[in-house]
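1. sequence? don't have it. structure:
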């Protein structure tokens with residue numbers, strides 16, 4: 001069940017929002033998310049930002065379980081954590097906002113898509129997942145990059161103009177959730193300008209067949225080997241009812257997720 005009632009949400013009454021990301025405290029997408037959060041919170045609400053001190057892309061749901069983290073207060077409502085996105089959510093809930101837990105967690109806006117298989121690697125998704133595990137409504141926002149927007153003055157144009165509306169619609173339409181693993185939401189904005197967005201599709205997570213991360217070796221002059229991780233082609237078409245294809249076709253995708261990774265379709269076969 002949503003901790004923040006729909007009635008209270010619609011009035012914008014004293015809404016408390018925690019914002020984080022995986023691109024780091026100085027990332028331009030974080031500023032977009034903060035603006036969206038302030039618009040959602042309204043004049044009586046409060047927005048807190050707790051984000052990694054440096055970029056932590058690709059760390060998934062990793063937490064700093066064996067190492068302490070330095071947390072630095074930048075201003076009264078903004079903190080940098082030397083940790084991962086999920087760490088930032090824990091820092092926000094149990095330290096920064098310990099006297100008043102957040103009503104909503106926004107993670108992003110990520111520079112690049114978190115559609116398809118990227119969901120499994122994304123620190124942006126990992127933060128939203130941790131929020132859901134803590135029982136707090138959580139939404140991950142990501143901006144797809146492509147030839148139609150990456151060279152724009154503001155590649156985040158679609159997320160800037162449509163972000164608040166999307167979160168409004170999710171919060172007002174989200175079902176009551178009594179599952180052991182709470183719902184959270186993965187939103188991807190297509191790689192086009194805001195005016196070119198075709199609409200919204202609620203779709204499943206896709207898979208870019210044949211697209212995988214890989215490692216390329218490099219030998220330094222010292223003779224030591226170093227490995228560089230590379231991503232695959234992000235513009236491979238997939239099934240029509242998936243997040244990837246929706247984004248490729250110019251639609252904003254919304255995918256409800258849970259942290260439960262059980263393959264229910266094969267439980268009885270094994």
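-> Ah, there it is. What you see is a predicted model; the values in this text were computed from it and never measured.
2. Residue 242 against residue 205, yeah?
-> Yes: counting by Cβ atoms under 8 Å, residue 205 is a contact partner of residue 242 at 6.8 Å. Backbone N, C-alpha and C define where each C-beta goes, glycine included.
3. what sits in contact with each of these two?
-> 115-116 (Cβ atoms under 8 Å, 6 or more residues apart in numbering).
4. Next, the contact list for residue 203, please.
-> Contacts of residue 203 by Cβ under 8 Å, 6+ apart are 241-243, 245-246, 253-255.
5. Flag the shaky bits of the stretch 51-200 of the chain, pLDDT-wise.
-> Low-confidence regions of the stretch 51-200 of the chain, defined here as pLDDT under 70, do not occur.
6. What values do phi and psi take at the residue most central in space within the chain?
-> In the chain, the residue lying closest to the centroid (Cα atoms, centre = their mean) is residue 140, at 2.6 Å. Torsion angles at residue 140 (phi, psi; degrees, to the nearest 10) stand at phi -100, psi 130.
7. next one: residue 228
-> The phi and psi values for residue 228, taken as degrees, to the nearest 10, are phi -110, psi 130.
8. ok, it - contacts?
-> Counting by Cβ under 8 Å, 6+ apart, residue 228 has contacts 215-218.
9. got a markdown table for those, with distance to residue 234, pLDDT and neighbour count too?
-> Formatted as a markdown table, the contacts of residue 228 follow (distance: Cβ to Cβ, whole Å; pLDDT from 0 to 100; neighbours: other Cβ atoms under 10 Å):
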| residue | distance to residue 234 | pLDDT | neighbour count |
| --- | --- | --- | --- |
| 215 | 18 | 97 | 8 |
| 216 | 18 | 96 | 9 |
| 217 | 23 | 97 | 8 |
| 218 | 23 | 97 | 9 |
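10. can you put those residues in TSV and add secondary structure and distance to residue 146?
-> Formatted as TSV, the contacts of residue 228 follow (DSSP: H, G, I helix; E, B strand; the rest coil; distance: Cβ to Cβ, whole Å):
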residue	secondary structure	distance to residue 146
215	strand	25
216	strand	23
217	strand	29
218	strand	28
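11. count of residues packed around the residue lying closest to residue 24 once chain neighbours are set aside?
-> Spatial nearest neighbour of residue 24, excluding adjacent residues (Cβ to Cβ, 6 or more residues apart in numbering): residue 55 at 4.4 Å. Each residue near residue 55 was counted by other Cβ atoms under 10 Å, and the total is 16.
12. Over to the one 5 residues further on?
-> Other residues near residue 60 number 18, with proximity taken as other Cβ under 10 Å.
13. And for the one 4 residues further on?
-> Each residue near residue 64 was counted by other Cβ under 10 Å, and the total is 15.
14. which element is it on?
-> Under DSSP states H and E, no helix or strand contains residue 64.
15. Surely it touches residue 85?
-> No: counting by Cβ under 8 Å, residue 64 does not reach residue 85; the two are 11.0 Å apart.
16. quick one: the helices in the stretch 51-200 of the chain?
-> Counting by DSSP state H, counting those that start in this stretch, the stretch 51-200 of the chain has helices at residues 85-91, 123-133, 157-173.
17. Which strands or helices does the second one pack on?
-> The contact analysis (3 or more Cβ pairs under 8 Å, 6 or more residues apart in numbering; DSSP states H and E) places helix 123-133 against helix 85-91, strand 104-111, strand 138-143, strand 184-189, strand 251-257.
18. Tell me how far the residue nearest to residue 24 lies from residue 228.
-> 16 Å (Cβ to Cβ, to the nearest Å).
19. Ok, residue 140 next?
-> 26 Å.
20. can you check residue 25 too?
-> 25 Å.
21. In CSV: the helices of the stretch 51-200 of the chain, plus mean neighbour count and distance to residue 267.
-> Listed next are the helices of the stretch 51-200 of the chain as CSV, based on neighbours: other Cβ atoms under 10 Å; distance: least, Cβ to Cβ, whole Å:
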stretch, mean neighbour count, distance to residue 267
helix 85-91, 28, 28
helix 123-133, 28, 22
helix 157-173, 18, 30
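22. Understood, closing this out.
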